[in-house]
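> can't give you the sequence, but here's the structure:
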């Protein structure tokens, strides 16, 4: 039987026996559906981590000097946490020795942050993220104003009580009012709003627009950190090739300032976007294993069902097989016929599973903070997996049909 004729016959069987075909393909459909959905979610989260999460938090070709890691992914023991708490704070006095050693073209910025109660005459009091920054913070973060302006050099030098606020802060505290030039109280001290930052969006459903930013030396500094202390010093190297050497220079300066002996470990943290992504890759590999293992159970069940259905088909069509053999059909012709039918059945189930998997991924992306991106390669893999399951499941029934004796088969009623 020609290849396309075998496919046509399999599709006719599906149409003629809709209920049996539905239950036959159910296992493969569910298995492929979960495979596509899980791969789409993992792929979406991977792109999100690489392009948005790390990029927004740390910037391109940057690393952060902090007392403690800014992003913790994985288990941290009590002993590790206590050791971190004993570390010395990063100080304002550390800035000049570090920045003086940076290569030409490097940028740096300081940052301190805490939750602070904010009040205005137009909105209810609310806690927001208050930051004090210095250096090239806005350039490194690629943050631009949607209205108003950023800090002038004179305001930074004079530690003026001025603010650049996030989009959500502007809308909450100044609804239907232009916030530029108006006052926002932080810790009871009024600050003038000079700019509203472009919308930053969200990360896993957490808004990035609930912030206010003031110059490092402004009165807000006393609310977010003790005197002379900062949370982080961010350094952006001139290019990706210079990142590691720049980071090593900063490490040596800090080890010298903390008087660490060669055998002693660092008592500060230097994190790059790659170090964060390294943690993510570990989590991603576990998610992929789980995402493949769970659908595998559905595919195994689907293969068993398809094999049983094909065995029933062989029994029902024994006389047909005998007639074909008596007319000259060879064993490999019978074998190929049933293998193609089995693979076609399974592939139809896989295609249905792909459609449902895409729909499930889109639903998850729409109703939850989890991003989902359908990878084109996963569609090809889903189709090949479906066809492969059908071929594996059809080998035994097809070989049984091919071995039938034509004379005995013709006697079958």
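Everything's here; your move. Because the structure is predicted, anything quoted here is derived from the model rather than measured.

> Tell me how far residue 372 lies from residue 286.
Using C-beta to C-beta, to the nearest Å, we find residue 372 at a distance of 18 Å from residue 286. Bear in mind the C-beta positions are built from the backbone N, C-alpha and C, glycine included.

> Which one of the two is surrounded by more residues?
Higher neighbour count among residue 372 and residue 286: residue 372, with 23 against 9, using other C-beta atoms under 10 Å.

> Would you confirm that that one contacts residue 357?
No - counting by C-beta atoms under 8 Å, residue 372 stays clear of residue 357, with 10.2 Å between them.

> Now residue 314: closest residue in space, sequence neighbours ignored.
residue 401 (4.5 Å; C-beta to C-beta, 6 or more residues apart in numbering).

> Can you get me a residue count around that neighbour?
27.

> in which helix or strand would I find it?
Assigned by DSSP states H and E, residue 401 falls within helix 376-402.

> So for that helix, what gets flagged as buried?
Going by neighbour count (16 or more other C-beta atoms under 10 Å), the buried part of helix 376-402 is 378-379, 381-383, 385-395, 397-398, 400-402.

> hang on, the earlier thing: who touches both of residue 372 and residue 357?
Contact criterion C-beta atoms under 8 Å, 6 or more residues apart in numbering; residues bridging residue 372 and residue 357 by contacting each: 37, 40.

> Flag the shaky bits of the stretch 201-350 of the chain, pLDDT-wise.
Applying pLDDT under 70 to the stretch 201-350 of the chain picks out residues 202-205, 273-283, 291, 321.

> can you give me the strands for it?
202-203, 206-207, 211-215, 229-230, 232-236, 269-272 (DSSP state E, counting those that start in this stretch).

> Which strands border the fourth one, and is each parallel or antiparallel?
In other words, strand 229-230. Paired strands of strand 229-230, with direction, are strand 90-91 (antiparallel) (DSSP bridges).

> now for the helix or strand just after the strand it pairs with, which elements pack on it?
Downstream of strand 90-91, the next assigned helix or strand under DSSP H and E is helix 95-99. Applying 3 or more C-beta pairs under 8 Å, 6 or more residues apart in numbering; DSSP states H and E, one finds that helix 95-99 contacts strand 107-119, strand 232-236, helix 243-257.

> Please point out which parts of helix 95-99 sit buried.
Here helix 95-99 shows 95, 98, 99 as buried, counting by 16+ other C-beta under 10 Å.

> Could you check the pLDDT of the second one?
According to the per-residue confidence, residue 98 scores 94 in pLDDT.

> got a list of what it touches?
Residues near residue 98 by C-beta under 8 Å, 6+ apart: 65, 108, 233, 235, 250, 253, 254.

> Buried ones among these?
65, 108, 233, 235, 250, 253, 254.

> ok, residue 357 - contacts?
By C-beta under 8 Å, 6+ apart, the neighbours of residue 357 are 32, 33, 34, 35, 36, 37, 40, 382.

> which pair in those spans the largest distance?
The distance between the two most remote of the contacts of residue 357 (C-beta to C-beta) is 12.2 Å, for 32 and 40.

> ok, the two, which is more surrounded?
With neighbours defined as other C-beta under 10 Å, residue 32 and residue 40 compare such that residue 32 has more, 34 against 25.

> most centrally placed residue in the protein?
residue 45 (1.3 Å; C-alpha atoms, centre = their mean).

> is it true that it touches residue 371?
Yes - with contacts counted by C-beta under 8 Å, residue 45 reaches residue 371, the gap being 5.9 Å.

> What distance do you get for residue 359 to residue 30?
13 Å.

> So for these two, which residue has more residues nearby?
The neighbour comparison of residue 359 against residue 30 (other C-beta under 10 Å) goes to residue 30, with 21 against 13.

> who's in contact with the residue lying closest to that one once chain neighbours are set aside?
Closest residue to residue 30 apart from its sequence neighbours, by C-beta to C-beta, 6+ apart: residue 298 at 4.4 Å. Neighbouring residues of residue 298 by C-beta under 8 Å, 6+ apart: 27, 28, 30, 31, 34.

> For those, pick the one with the most neighbours.
residue 28 (32 neighbours).

> do you know how far it is from residue 192?
Residue 28 is 64 Å from residue 192, by C-beta to C-beta.

> again, but for residue 293
Taking C-beta to C-beta, one finds residue 293 at 58 Å from residue 192.

> now residue 35
Relative to residue 192, residue 35 is positioned 56 Å away (criterion: C-beta to C-beta).

> So for those two, which sits in the more crowded spot?
Using other C-beta under 10 Å, the more surrounded residue of residue 35 and residue 192 is residue 35, with 26 against 14.
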